[in-house]
Structure formats: structure tokens, C-alpha cells
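K.L.:
sequence first, then the predicted structure:
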Amino acid sequence: MQVIPIRAAKEGMELAKGAVTEDGKVLCGEGTTLTMAVISRLEKSGVGAITVKGHPVRLPGEKGLKERIKDLEERFLKVKDDPVERALMRLIAEYWVESYSA
Amino acid sequence: MDKIQEIKDRLKNLKSLPTLPPIVSRLNEMVEDEDVTAVSLGKVIEKDQVLTSKLLRMVNSSFFGFPQRISTVSNAIVLLGFNVIKTLIVTSSIFDVMQSSDIGLWEHSLGCAAFSGIMAARRNIKNPEEVSTASLIHDIGKVVIRSEFPEYYAKIVEDVERRGVFMREAEEEVLGVQHGEIGGWLADEWNLPERLSIPIRFHHYPEKAGEFVEIASIIHISDIVIRAWGYGFGGDKWVPPLSHAAWEQIKFGKAEGREIMEELDLRLSELKNFTMEF
């Protein structure tokens, strides 16, 4: 699954999670296939981002999972001895791995 | 002249940043008056159309997370509080400078504001939008160093690249003071409330933030998480050391952490509508 900005949404994509407004109102359920009408309704209701199935969009500057994890580990080099920082790194890495595989 | 005094003196008379909109002193006077209403404050601000459109764009960006569009300034004052609106007005020139000269720092700041908003809401902090706003401007010290002291800034950047040190270490060596302190001075100079200026000053040393330790801790952790995520660029590529006192204030376990990551991913994606062209 992939979280994408609503402006990157295209017809035919399928929602991996319900599209929800900030105040928790569900506008479209999981499994909805996007049409122009649905996208426009989501935009108008103030939905800024949605979670879609697969990984259909390569956002400008976006890297692949392996490279993202490698960069993540490198950024933690100076603090890798701190157990809480290591736990934060694992939390982010696991979330990314899960997103790419779901 | 001593370097620190030179920096303080130049902060009082910033040349490279546009001056404070004259409207700010007028608004400060109005707020002193107990009878003033959001509508009358809004009316004064709305006389300045450029400022109004900038302000509405900011308050409608996703880090505040309001589901409905905010279409008038008085509505924004009611929803976000005057401290937030005043801070956005006072710092609007900083945003212009950041957006045009340092988009990486701008994205870092937006990301921190988003994460801080999530944590402030989860920890039931009063006026979570103030926490987002403080987080949005926590690195104003860096903007000032870059624009007002370009010769020192060049040396700092060179040190960061050549020796791989944290930016604030290089600042300390070159200037004798770090961006947090400079940001704090500037916030005081602009009469921003202490709820914002103290966390800005101590975002790398949140345990020193006294009664605002919780807000400073949230900003501190947001800086770590957003750098870890790789969203934007905060001046060097390293995740900074964690203050364990700050972590004790707002810590989360694995299950909550997973929810926070999901929420953050959505917020950061929403922000791309704001910073990225498709």
C-alpha cells in the first residue's frame, strides 16, 4: 500500500484504507476503485492524502525501499548506541517495509 | 566587538529580512484591549490583502488539520487563537525567505509542525495549534544566520560538509552560539509569547524549558523523527541525539508508535500537495 497526496490520485487506483476526513468521517470505504468523480469528491471534502493498494506512484525524488532503509540507517550513525533512537529507527523501518509489502 | 553582542545587535536591526508588517504593533495594541473581538481583529488584518491571502493559505495547510476550509481571518482567529495568527503574521517574511532560498529547511519545518500537531493532540496539550506553530518556526535561527550572516553561514556549511559535524556544533564553533538561542532572541525581539519563544530556544535542550518542557520535548522529538524519516533537510543529514528527559515526557510504545507512523505518513503526503508540483 502507498500513501499518496490526493493530487497524485488517478482513476483506477484502489483504496487500501477508507478515505477519512480529519474529523473522522469515512467518505469511501476500503476497496473503492477511484473514478474522476470520487477523486473530485474527496478533494472537495478536504481529504489531503489517501492510502492506495500496491505502490502505483513514484513521487518526484522518491527512492526505492532498499535505498530508503540504507539512508535511514546512515542518518542514525551518530546516535546508534542509544537504545531509544534505535527503537525509533526500527519503528520507521518496519512501517516502511510493511507499507511496501502490503 | 564580541561576536555574540554583534549578533544580538544585528537581530535588532535585521537588514536582509523584510521588516515586521506595521500591522503587528497595531494588533498588539488592540489585543491589550479586553473588549476587542476576533471580528474586529480580523477586519484590521483583512485590510492587507497580501497578508490575508498568505495567512489563509497557511492556516488551511494540512499541519493544522482542520477538516473545513477556513475562509476568513476572524474565523482563523477563533479556531487557532490569536497567538498562532500573530506568530504567522510576524514570521510571514521568514517563510518567504525560506520558501525561496531553502526549500529543504521549509519542508523540514512543515514536517516538524505536522508531527508536533499529532503528538500535541495525542498528549492533550492545551492549544495544540500553538505547539505546531512553535515547531514550524523552531529553526528561524538558521534562516537568520543564513540571510543576515552569509559569511559565517558559509563557514558553518563548509564545516558540516567537511567534518561531518552537526550544524549546531559548527554554529557554536563559528558564532559562539547556536541557532536555538538565536531563534529565541528573535522571538523575544518580536514579542512572541513565551509558550513559543522558550521551546524554540531550548528545542535541543528541552529539559531546560521550565514550565514549557512538554512543548519543547514535542518539538525536540519531532526534529528527530522528521530527520529520521528523511523529510526535508535540517542543515545536516544526521539524526540528532535524544534528550531522554524529553522522551520521558511524551514517550510512546510500539503499538502507539505504529499508529503515529501511519498518521504521520498521511500528514506528510498531504503536505506534498502544498510543496510539490504534479
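P.N.:
Looks like it arrived, so ask away. Just so it is clear, the structure is predicted and the values come from calculations on it, not from any experiment. Residues are numbered from 1 along each chain as shown, chains lettered A, B, ... in the order given.

K.L.:
contact partners for B:Leu55?
P.N.:
B:Ile45, B:Val73, B:Ala76, B:Ile85, B:Leu88, B:Ile89, B:Ser92 (Cβ atoms under 8 Å, 6 or more residues apart in numbering or on different chains). Where C-beta positions appear, they are placed from N, C-alpha and C, glycine not excepted.

K.L.:
and what of A:Glu11?
P.N.:
A:Leu34, A:Thr35, A:Met36, A:Ile39.

K.L.:
quick one: secondary structure of it?
P.N.:
coil (DSSP: H, G, I helix; E, B strand; the rest coil).

K.L.:
so how far is the lengthiest helix in chain A from its chain's centroid?
P.N.:
Identified as the longest helix of chain A according to DSSP state H is helix A:83-101. Here helix A:83-101 is found 14 Å from its chain centre; the criterion is Cα atoms, centre = their mean, to the nearest Å.

K.L.:
nearest residue to the residue in the stretch 151-278 of chain B positioned nearest to chain A other than its sequence neighbours?
P.N.:
Nearest to chain A in the stretch 151-278 of chain B, going by Cβ to the nearest Cβ, is B:Glu270, at a distance of 3.0 Å. Excluding the flanking residues, the one nearest B:Glu270 by Cβ to Cβ, 6 or more residues apart in numbering or on different chains is A:Gly48, at 3.0 Å.

K.L.:
and the one you found, how many neighbours?
P.N.:
22 (other Cβ atoms under 10 Å in any protein chain shown).

K.L.:
leaving out chain neighbours, which residue sits closest to B:Ala121?
P.N.:
That would be B:Pro128: by Cβ to Cβ, 6+ apart, it lies 5.0 Å from B:Ala121.

K.L.:
what's the answer for A:Val79, then?
P.N.:
A:Glu85 is the one closest to A:Val79 (Cβ to Cβ, 6+ apart), at 4.3 Å.

K.L.:
next, the contact list for that neighbour, please.
P.N.:
Listed by Cβ under 8 Å, 6+ apart, the contact set of A:Glu85 reads A:Phe76, A:Val79, B:Ile224, B:Val239, B:Pro241, B:Leu242.

K.L.:
now the closest residue to B:Phe252 other than its chain neighbours: how far from A:Glu11?
P.N.:
Nearest residue to B:Phe252, sequence neighbours excluded (Cβ to Cβ, 6+ apart): B:Ile260, at 6.2 Å. Separation of B:Ile260 from A:Glu11 (Cβ to Cβ, to the nearest Å) stands at 32 Å.

K.L.:
for the residue positioned nearest the centre of chain B, give me its contacts.
P.N.:
Geometric centre of chain B, nearest residue: B:Ile137, 1.4 Å, by Cα atoms, centre = their mean. Taking Cβ under 8 Å, 6+ apart as the criterion, B:Ile137 is in contact with B:Thr87, B:Thr91, B:Ile94, B:Ser109, B:Gly183, B:Ala187, B:Leu196, B:Ile200.

K.L.:
turn these into CSV, including neighbour count.
P.N.:
Shown next, in CSV, are the contacts of B:Ile137 (neighbours: other Cβ atoms under 10 Å in any protein chain shown):
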residue, neighbour count
B:Thr87, 25
B:Thr91, 25
B:Ile94, 23
B:Ser109, 27
B:Gly183, 25
B:Ala187, 26
B:Leu196, 27
B:Ile200, 30
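
K.L.:
redo these as JSON lines? Include distance to B:Gly65 and secondary structure.
P.N.:
Listed next are the contacts of B:Ile137 as JSON lines, based on distance: Cβ to Cβ, whole Å; DSSP: H, G, I helix; E, B strand; the rest coil:
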{"residue": "B:Thr87", "distance to B:Gly65": "17", "secondary structure": "helix"}
{"residue": "B:Thr91", "distance to B:Gly65": "20", "secondary structure": "coil"}
{"residue": "B:Ile94", "distance to B:Gly65": "22", "secondary structure": "helix"}
{"residue": "B:Ser109", "distance to B:Gly65": "16", "secondary structure": "helix"}
{"residue": "B:Gly183", "distance to B:Gly65": "24", "secondary structure": "helix"}
{"residue": "B:Ala187", "distance to B:Gly65": "24", "secondary structure": "helix"}
{"residue": "B:Leu196", "distance to B:Gly65": "19", "secondary structure": "helix"}
{"residue": "B:Ile200", "distance to B:Gly65": "22", "secondary structure": "helix"}
